[in-house]
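> take this sequence and fold it.
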Amino acid sequence: MNARIDHTTTSGTFSLDGQTHEVDNNVWVIGDDHECVVVDAPHDVNAILEIVGDRDVSAIIATHGHDDHVRFAPELADAVGAPILLHPDDSVLWRMTHPNREPDRMLADGEVLGVAAGTGLRVLHTPGHAPGAVSLYSVELNTVFTGDTLFAGGPGATGRSYSDFDVIIESIANRLFTLPDDTIVRPGHGPSTTIATERPHLSEWKDRGY
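Below is the predicted model of the structure:
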């Protein structure tokens, strides 16, 4: 059975460097009628469980370790019996939210996570917004889940601890903008876009430091 992408949006807060902001987060669930993976677990376990339904969850994948993407990952993992996956470079951010619980497995750049028969997600390490930020590319679904690395209209924020503007630009230019033009970009916040829509603006972002 072909994989599909289900989506919900949850609302809550993001806190770092002594500041707290209200945010709306995208949650992406990828799989078939029997099995799925969840990308990020921000603010509302019940909203995610409603999208999952009666499917088995094979993994909860964190695009990065900021609290608005992992706050409810342990609760969701316990509810569905799934492992939490995170890139090792974001362990320091993870522990700010969950000092007493570690992720179940670390992600490796280039590995492919199966989400349904014939469909996979390739892990692309795309640091900058966070040191262990990853994007998840599915050639079969013509989609890349970019977390907070790339949004409709620009790169993710880099004005906080553990972020770096030059690094995020390099990640976008050398990892994401090498994908096919028609690849759909599904970010951690806000509307979807395409690689072709965003690629022409790279020089603008560099010039204005955004």
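> where do the helices sit along this protein?
Secondary structure of the chain (DSSP state H): helices at 45-52, 67-70, 73-80, 91-97, 165-171, 195-198, 202-208.
> pick the most deeply packed of these.
Highest mean neighbour count among the helices of the chain (mean count of other Cβ atoms under 10 Å): helix 67-70, with a mean of 26. (Glycine included, C-beta is placed from N, CA and C.)
> quick one: it to chain centroid distance?
Put simply, helix 67-70 sits 10 Å off its chain's centre (Cα atoms, centre = their mean, to the nearest Å).
> against which helices or strands is it packed?
strand 4-16, strand 19-31, helix 91-97 (3 or more Cβ pairs under 8 Å, 6 or more residues apart in numbering; DSSP states H and E).
> contacts for the shortest one, please.
Translated: helix 91-97. Here helix 91-97 makes contact (Cβ atoms under 8 Å, 6 or more residues apart in numbering) with 16, 62, 64-67, 70-71, 86, 102-103, 130-132, 162.
> next, count neighbours for D109.
12 (other Cβ atoms under 10 Å).
> for L107, see how far away the residue nearest to it when sequence neighbours are not counted is.
Leaving aside its sequence neighbours, D109 sits nearest to H125 (Cβ to Cβ, 6 or more residues apart in numbering; 3.9 Å). To L107, H125 is 8 Å away according to Cβ to Cβ, to the nearest Å.
> list residues touching both of the two?
Taking Cβ under 8 Å, 6+ apart as the contact rule, H125 and L107 both touch 87, 134.
> what about those two, which has more around it?
Set H125 next to L107 and count neighbours by other Cβ under 10 Å: L107 wins out with 23 against 17.
> you'd agree the more buried one is up against I60?
No. In terms of Cβ atoms under 8 Å, L107 does not count as a neighbour of I60; the distance is 11.6 Å.
> report the separation between the closest residue to L113 other than its chain neighbours and S135.
For L113, ignoring the flanking residues on the chain, the nearest one in space by Cβ to Cβ, 6+ apart is L121 at 4.6 Å. According to Cβ to Cβ, L121 and S135 sit 9 Å apart.
> swap in P187?
Distance, P187 to S135, using Cβ to Cβ: 9 Å.
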